[in-house]
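Q: Everything below, folded, please.
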Amino acid sequence: QVQLAESGGGSVQAGGSLKLSCAASGYTIKSFSMGWFREATGKEREGVAFIDSGGTTNYVDSVKGRFTISRDNAKNTLYLQMNSLKPDDTAMYYCAADYLAFGFDSDYDYWGQGTQVTVSS
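A: Modelled structure (predicted):
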């Protein structure tokens, strides 16, 4: 069983940066595909960034060039560096992991509790 715990959320002004972390425990994540998702109030959850076990990444168009997903398998941790933040980025951010996931539309077995990101204009 994999447990995921996000941290690093907070409140920033537009144009600012935050780095989210997702610490995994209970199992090594090096063979897992992992993703960051977000859910804004009144909106459906959307995939933000994805990274597979080989390091291949994918991003939703709205964050390309601003967000970077990375993983440190030695630390069993997933990251999301978010730069040039916009008010539209305001949401609860969740990390997820799955051995067989190939993208945002896959069914992920493991989810964290989320960390709130609020961007003010």
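
Q: three-state assignment of the spatially most central residue of the chain?
A: In the chain, the centroid-proximal residue (Cα atoms, centre = their mean) is Trp36; its distance is 2.4 Å. Per DSSP: H, G, I helix; E, B strand; the rest coil, the local secondary structure of Trp36 is strand.

Q: how near is it to Arg66?
A: Distance of Trp36 to Arg66, given as Cβ to Cβ, to the nearest Å: 13 Å. Every residue, glycine included, has its C-beta placed from N, CA and C.

Q: mind listing what the residue nearest to the centre of the chain touches?
A: Taking Cβ atoms under 8 Å, 6 or more residues apart in numbering, we find Trp36 in contact with 20, 22, 47-50, 69, 78, 80, 93-96.

Q: ok, now Gln1?
A: Applying Cβ under 8 Å, 6+ apart, we find Gln1 in contact with 26-27, 110.

Q: how much space is there between Lys64 and Ala49?
A: Distance, Lys64 to Ala49, by Cβ to Cβ: 9 Å.

Q: Thr28: helix or strand, and which one exactly?
A: Using DSSP states H and E, Thr28 falls within no helix or strand.

Q: what's the pLDDT at it?
A: If you check Thr28, the pLDDT there is 92.

Q: That one contacts Thr77, correct?
A: No. Assessed by Cβ atoms under 8 Å, Thr28 is found out of contact with Thr77, at 11.3 Å.

Q: Neighbour count for the two, which is higher?
A: Remark: of Thr28 and Thr77, Thr77 carries more neighbours, 18 against 12, as counted by other Cβ atoms under 10 Å.

Q: What sits closest to that one if chain neighbours are left out?
A: Nearest residue to Thr77, sequence neighbours excluded (Cβ to Cβ, 6 or more residues apart in numbering): Ala23, at 5.2 Å.

Q: And Gln81, by the same measure?
A: Thr68 (4.4 Å).

Q: Surely that neighbour is in a strand?
A: Yes. When three-state DSSP is applied, Thr68 is found to be in a strand.
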